[in-house]
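Asks: Prediction below, plus the sequence it came from.
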There are 2 protein chains.
Amino acid sequence: MTYELHYWPGIQGRGEFVRLALEEAGAAYIDVARMGGIDAMQEALTDERTPHPAFAPPFLKHGRLIIGQTAAILLYLGPLHDLAPEDVEGRIWTHQIQLTIADLVGEAHDTHHPVSLDDYYEDQKEEALRRAQSFRDDRIPKYFRWFETILARNPDGPDHLVGKDLTYADLSLFQVVEGLCYAFPNAMARTLSGTPHITALRRAVRRRPRIDAYITSSRRIPFDRSDVFRHYPELDDPT
Amino acid sequence: MTYELHYWPGIQGRGEFVRLALEEAGAAYIDVARMGGIDAMQEALTDERTPHPAFAPPFLKHGRLIIGQTAAILLYLGPLHDLAPEDVEGRIWTHQIQLTIADLVGEAHDTHHPVSLDDYYEDQKEEALRRAQSFRDDRIPKYFRWFETILARNPDGPDHLVGKDLTYADLSLFQVVEGLCYAFPNAMARTLSGTPHITALRRAVRRRPRIDAYITSSRRIPFDRSDVFRHYPELDDPT
C-alpha cells in the first residue's frame, strides 16, 4: 500500500528524516503537499473524522493509520523495511539514538529562533547570536562526542550505529550532519575533524545507491533559510 | 528484577515521567542518585564498558540493559506493565502522544532558558519574558486544544488518551498539567477552563491509589525553581 507523507512542500525539515527512510527502503510513497499543495495536507490535519490527528507535520498515512511525530513514524517504518533490528533491545536502542538526534535538531532550530517560533529571525537576531555560540561551543561537541563514542563501542563495528546493518538512525545521523554542515560550516569542519567514525558513516550513507539517486534527483529539496537548518554566517564560527 | 532509575536527585524533571510509570506499575525500583548520590549516576553514565551509554539522564538500568531518553524508557516499560496497548497501532499512538508531551516539556523549559542552557535565568530574563509570552499565548493553547481533541475523539471515551485503560501517556499528561499549573498558574487557569476532558483526566490520575500514595509520600520531590517547570510570576499572565 502506497504511503502518503504529509509535510511542508518547500523544505527538507523534519519530513526529510522520513523521506530518507522511505527512499532507502524503495517504498512507494506520495509526498502529498508537493504533489497537491498544502491544502491537501491541511485537510488531512484538520479532518474531524480522524480519531488520531497529528499535532503537526510531518505525518504519515498508511491505509487508515495516521502517524505523527518523526521518531514515531520511523519507529513504525523501521521493522516494516528492515531499517531496525528485530529484537526489542535493538529497537529501543535505535529509537533512543533517534530521539537524541531529534533533540539535536530541535536545538539547531532554536539557534535561529530562540525567543519566538512565530517571529522572524531578524527580530531575534541578538538572542540568536548568543544561543548559537552556546550551541557551537557546548552542544554540538557534546552530541558529536556521544555519536562518535557509540559508533566506536558498537560490538559489530563502527560502520553503523546499531548492529551490523543500516538502520533509520544511520540515515538520520547522516541527515543531521548534512544539515549542520550547511548551517555551520566552520564549526562543523572543526567538529568533524575529531570524529572519524561519523565522517565515514556520513560518506557511506551518501554513497548508497538509493540515497545517491534520491539526493541527485529533483525530489531532494535544497537546504535554505526557511528550513530547520539555516546558514547565517554570523551564527557560525568566524573563519 | 529491580529497576535502577538514574536521574538528578533534587528535581522532578524529566525523570518524573518515569517515576510515575514505575509507581503506578507498583514496580520495584531504586532511585539511584537519591539513594547513593550523584556519583553513582555519573559512574554509570561514563562507564566505558557500556556499549549503549545514555546521552543524558534520565536513564533506566534493567539487568544489563541501559535505556536513555524518557520516551524510550516509557516505550520499553509500557508493555511490561500494562501501561500501553497490546497492538502495534495503539502502541505507536501512545508513543506519538508521549513525544508531543515531550515537545511541550522542552518548550516549557525554554521559557526560562531561551538563550543558553548553561547560563542562569537572571542572565536571560528579558529574552525569557518574550519567549514565555509566546508560550502562554500561542503554544499552550495549541497543545491543549490537541489534547482535548484527542480525548474527545477517543472511540473508547474521553476518560483516557488511548483506548479504555490507563497508559503512560495519561500519566505524562497529568504530570505536564501539574508542572504547568505550578509554573504558570494564571495562564493555566485560563487554559483549563476550556478543557473539561483534560481536567477530568488530571483529577482521575491524581486519585489513583498508587499515584496518591506516591504524591503524598516523601518520594515525590516538590516543584521548585531549579526544575524544568519553574514559577517566576513575571513569566505568567498578569493577575
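Replies: Nice, I can see it. Residues are numbered from 1 along each chain as shown, chains lettered A, B, ... in the order given.

Asks: For residue A:66, pull up the helix or strand it's in.
Replies: strand A:65-68 (DSSP states H and E).

Asks: Same question for residue A:144.
Replies: Assessed by DSSP H and E, residue A:144 sits inside helix A:140-153.

Asks: one step back: any idea of the mean pLDDT in the next helix or strand after the strand holding residue A:66?
Replies: Scanning forward in sequence from strand A:65-68, with DSSP H and E defining helices and strands, the next element found is helix A:70-80. Along helix A:70-80, the predicted confidence averages to a pLDDT of 98.

Asks: Quickly run through the sheet partners of the strand holding residue A:66, with directions.
Replies: Looking at strand A:65-68 with DSSP bridges, its partner strands are strand A:59-62 (antiparallel).

Asks: can you list contacts of the partner strand?
Replies: Contacts of strand A:59-62 from elsewhere in the structure, counted by CB atoms under 8 Å, 6 or more residues apart in numbering or on different chains, are A:1, A:3-7, A:18, A:44-45, A:66-68, A:73, A:76-77. (Glycine included, C-beta is placed from N, CA and C.)

Asks: returning to that earlier point: the helix holding residue A:144 vs chain B: in contact?
Replies: Yes. For helix A:140-153 and chain B, the contact criterion (CB under 8 Å from any CB of the partner chain) is met by A:143, A:146, A:149, A:150, A:153.

Asks: In terms of secondary structure, what does that helix contact?
Replies: Under the contact criterion of 3 or more CB pairs under 8 Å, 6 or more residues apart in numbering or on different chains; DSSP states H and E, helix A:140-153 touches helix A:88-112, helix A:185-192, helix A:196-207.

Asks: contacting residues around that helix?
Replies: Contacts of helix A:140-153 with the rest of the structure, by CB under 8 Å, 6+ apart, involve A:97, A:100, A:104, A:158, A:160-161, A:173, A:180, A:184, A:187-188, A:191-192, A:194-198, A:201, B:50-53, B:55.

Asks: Run the angle between that helix and helix A:88-112 for me.
Replies: Between the direction of helix A:140-153 and that of helix A:88-112, the angle (axes from the mean of the first three to the mean of the last three CA atoms, to 10 degrees) works out to 160 degrees.

Asks: what is the orientation angle of helix A:140-153 with helix A:185-192?
Replies: Using the same axes, to 10 degrees, the inter-axis angle of helix A:140-153 relative to helix A:185-192 is 40 degrees.

Asks: and helix A:140-153, which residues are buried?
Replies: Within helix A:140-153, the residues that qualify as buried by neighbour count (16 or more other CB atoms under 10 Å in any protein chain shown) are A:140, A:141, A:143, A:144, A:146, A:147, A:148, A:149, A:150, A:151.

Asks: now those residues in a markdown table, with pLDDT?
Replies: As requested, the buried residues of helix A:140-153 are arranged in a markdown table below (pLDDT from 0 to 100):
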| residue | pLDDT |
| --- | --- |
| A:140 | 98 |
| A:141 | 97 |
| A:143 | 98 |
| A:144 | 98 |
| A:146 | 98 |
| A:147 | 98 |
| A:148 | 98 |
| A:149 | 98 |
| A:150 | 98 |
| A:151 | 98 |
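
Asks: now, which of the residues you listed sits nearest residue B:31?
Replies: Minimum separation from residue B:31 among the buried residues of helix A:140-153 (CB to CB) is found for residue A:146, which lies at 24.0 Å.

Asks: Restricted to buried residues, select the contacts of helix A:140-153 in PyMOL.
Replies: The following PyMOL selection, which keeps only the buried ones among the contacts of helix A:140-153, applies the criterion 16+ other CB under 10 Å:
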select buried, (chain A and resi 97+100+104+158+160+161+173+180+184+187+188+191+192+195+197+198+201) or (chain B and resi 50+52+53+55)
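
Asks: Could you double-check that residue A:90 sits in contact with residue A:163?
Replies: Yes. When contacts are counted by CB atoms under 8 Å, residue A:90 is listed as touching residue A:163 (6.1 Å).

Asks: shared neighbours of these two, anything?
Replies: Overlap between the neighbourhoods of residue A:90 and residue A:163 is empty, taking contacts as CB under 8 Å, 6+ apart.

Asks: So for these two, which residue has more residues nearby?
Replies: Taking neighbours as other CB atoms under 10 Å in any protein chain shown, residue A:90 and residue A:163 compare with residue A:163 leading, 19 against 16.

Asks: contacting residues for that one?
Replies: When contacts are counted by CB under 8 Å, 6+ apart, residue A:163 is found next to A:85, A:90, A:154, A:156.

Asks: go on, residue A:215?
Replies: Residue A:215 makes contact with residue A:206 under the criterion CB under 8 Å, 6+ apart.

Asks: and what of the one 5 residues further on?
Replies: When contacts are counted by CB under 8 Å, 6+ apart, residue A:220 is found next to A:12, A:214.

Asks: Please identify the helix or strand for it.
Replies: If you go by DSSP H and E, residue A:220 is not part of any helix or strand.

Asks: returning to what we had before: among the contacts of strand A:59-62, which one lies nearest to residue A:130?
Replies: residue A:7 (30.5 Å).

Asks: I'd say that closest one and residue A:56 touch.
Replies: No. No contact is recorded between residue A:7 and residue A:56 when judged using CB under 8 Å, the distance being 9.8 Å.

Asks: More neighbours: the two, which one.
Replies: Between residue A:7 and residue A:56, counted using other CB under 10 Å, the more crowded position is residue A:7 (25 against 15).

Asks: Skipping its backbone neighbours, what lies nearest that one in space?
Replies: Taking CB to CB, 6 or more residues apart in numbering or on different chains as the measure, residue A:7 lies nearest to residue A:15, with 3.1 Å between them; neighbours along the chain are not counted.

Asks: How about residue A:202?
Replies: residue A:177 (4.9 Å).

Asks: cool, residue A:51 as well?
Replies: Once its chain neighbours are removed from consideration, residue A:51 has its nearest residue in residue B:153; the separation is 4.9 Å (CB to CB, 6+ apart).
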